[in-house]
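Participant: Show me how the following folds:
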Amino acid sequence: MPDTAIAPSRAPVVRRAAPPVSRLQTLDASRGLAMLFVCLAHVAESVALVSGPSRLLGRAVRVSMVASPTFMLISGMLLGYMATQGEARLRRFSDKLRERGLFLLTIGHALMLPPFEHMADRPSDFWRFLLITDAIGFSLLVGPSVVRRLGARARAWLAVGLLALPWAIILLVPPAQSRFWFFLRTTLIGGHQRDWWLYSFPLVPWFAVYLAGTVLGERLAAARAARGSAAETRQLASWSAVGMIGTALVALLRRSLRLLFPGAIPLHHVLAHLGSPFQKHPPGPGYVLGYGTLGLAMMAGLSWSVEHGHLPRAIAALAKLGQASLAIFVLQFYLFYTAVFAIGPAIRHFWVLYLLAGYGVLLLAAHLWLRAGGNRLLRVPGFRRLTAGPQRS
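Facilitator: Predicted structure coming up:
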């Protein structure tokens, strides 16, 4: 018989299962990506003020408008997720949120105001800015109580009402003559143009976006518990698809009404505020739907990337930015407002390079901040001692 060599049998290839998607890593990375858009907006705004507007700068600002609704939705989604983790855990998390909210409205607000000296008409008016961190701080203070008292469906309807009511008041109710009531109105619901605040994120409509986020967070937690982490990615993708269809329908309706009723100026005025995807101050329904949908699509893409192990270094870097978001948010004001105004008009020739270098600085700062445990400093003195006093039932 001919000598036949017997080939050694190969060991079966065992494929490692992909690690489960971390909800916190996905949300942190989403917050970090939103922070990059914040920086793009701020450097474009300051360069336009220093050296004059341009089409590229205007487009950069419009692209970056996705950041604000994404930040609010992510903040709400975290609370919505924790609402599914049991009463004791929700209570501890709620105390942490309230302290962070109070920090944002006090110490954090004070740290962010100095760069706005260059943005005000007069340097003495640098404090007349109501920032998105103030809207987030207000939401963190109020949101936990609402979540503990209302179910997801009731919160969804409340969010719709809190987004619609301010616009009903803005469009139908003349501004009050009293300075106090005018201040209260512009703080809570905003106005058509520059009012008491030189730049503002009114509290009520942005709280509506936050509440919507709590509902989405609960739904994602339920999908993950029932069908695994992949279901969470699919849920985000389906929401973004539905939102894109809704945005397209709103745009089609606006265009159709313009063609059908070309002389109806009041109607066009209302549609411009309610249906425009660029009506941000205060946020209109069309803006929240359009850019909120883009934010959900970003989250879906990042969730898919984490789930399949793609771009791990980029995801980790974005997650660091998200984890250190408050410190980075403060720092970027000085980097993209104060420093840009100090450089002057010459920056128009290299602002893109400056932005990229700024991203590098912020990534390094986030790494050092987290390594030093900097988030432990974001506390309000005496808050925990005050809240830990009486035992709650």
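
Participant: I'd say L33 and G295 touch.
Facilitator: No: in this structure, L33 is not within contact of G295 by CB atoms under 8 Å, at 9.4 Å. Glycine gets a C-beta too; all of them are placed from N, C-alpha and C.

Participant: Could you check which of these two has the larger neighbour count?
Facilitator: G295 (29 against 23; other CB atoms under 10 Å).

Participant: Go through the helix or strand the more buried one falls within and flag the buried ones.
Facilitator: Take DSSP states H and E as the rule and G295 turns out to sit in helix 285-308. Buried residues in helix 285-308, counted by 16 or more other CB atoms under 10 Å: 285-307.

Participant: how would you label R148: helix, strand or coil?
Facilitator: helix (DSSP: H, G, I helix; E, B strand; the rest coil).

Participant: T214 versus that one, what's the distance?
Facilitator: Distance of R148 to T214, computed by CB to CB, to the nearest Å: 11 Å.

Participant: For those two, work out which one has more neighbours and name it.
Facilitator: Ranked by neighbour count (other CB under 10 Å), R148 and T214 place T214 first, with 29 against 12.

Participant: How about the contacts made by the more buried one?
Facilitator: When contacts are counted by CB atoms under 8 Å, 6 or more residues apart in numbering, T214 is found next to G76, M77, L79, G80, A83, G143, V146, V147, A152, R155.

Participant: out of the residues you listed, who's nearest L321?
Facilitator: Nearest to L321 among the contacts of T214, counting by CB to CB, is M77 at 17.5 Å.

Participant: Just read off the phi/psi values of L131.
Facilitator: The phi/psi pair for L131 (degrees, to the nearest 10) reads phi -90, psi 170.

Participant: my read: it touches H109, true?
Facilitator: Yes: L131 is in contact with H109 according to CB under 8 Å; the separation is 6.9 Å.

Participant: Show me where the stretch 1-150 of the chain dips below the pLDDT cut-off.
Facilitator: Across the stretch 1-150 of the chain, the ranges flagged by pLDDT under 70 are 1-23, 123.

Participant: need the strands for it, in chain order.
Facilitator: Applying DSSP state E, counting those that start in this stretch to the stretch 1-150 of the chain gives strands spanning 129-130.

Participant: will you turn the contacts of T214 into a markdown table that also has distance to G382 and neighbour count?
Facilitator: Formatted as a markdown table, the contacts of T214 follow (distance: CB to CB, whole Å; neighbours: other CB atoms under 10 Å):
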| residue | distance to G382 | neighbour count |
| --- | --- | --- |
| G76 | 28 | 29 |
| M77 | 30 | 26 |
| L79 | 24 | 24 |
| G80 | 29 | 26 |
| A83 | 28 | 24 |
| G143 | 22 | 25 |
| V146 | 25 | 18 |
| V147 | 25 | 24 |
| A152 | 34 | 18 |
| R155 | 31 | 24 |
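
Participant: now, which of those lie within helices?
Facilitator: With helices taken from DSSP state H, the overlap with these comprises G76, M77, L79, G80, G143, V146, V147, A152, R155.

Participant: Redo those residues as CSV? Include distance to E117.
Facilitator: Shown next, in CSV, are the ones in helices among the contacts of T214 (distance: CB to CB, whole Å):
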residue, distance to E117
G76, 32
M77, 35
L79, 34
G80, 38
G143, 32
V146, 36
V147, 38
A152, 43
R155, 39
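
Participant: what's the farthest-apart pair in the residues you listed?
Facilitator: M77 and V146 (14.7 Å).

Participant: Am I right that A212 is in contact with L73?
Facilitator: Yes: if you go by CB under 8 Å, A212 and L73 touch, sitting 6.9 Å apart.
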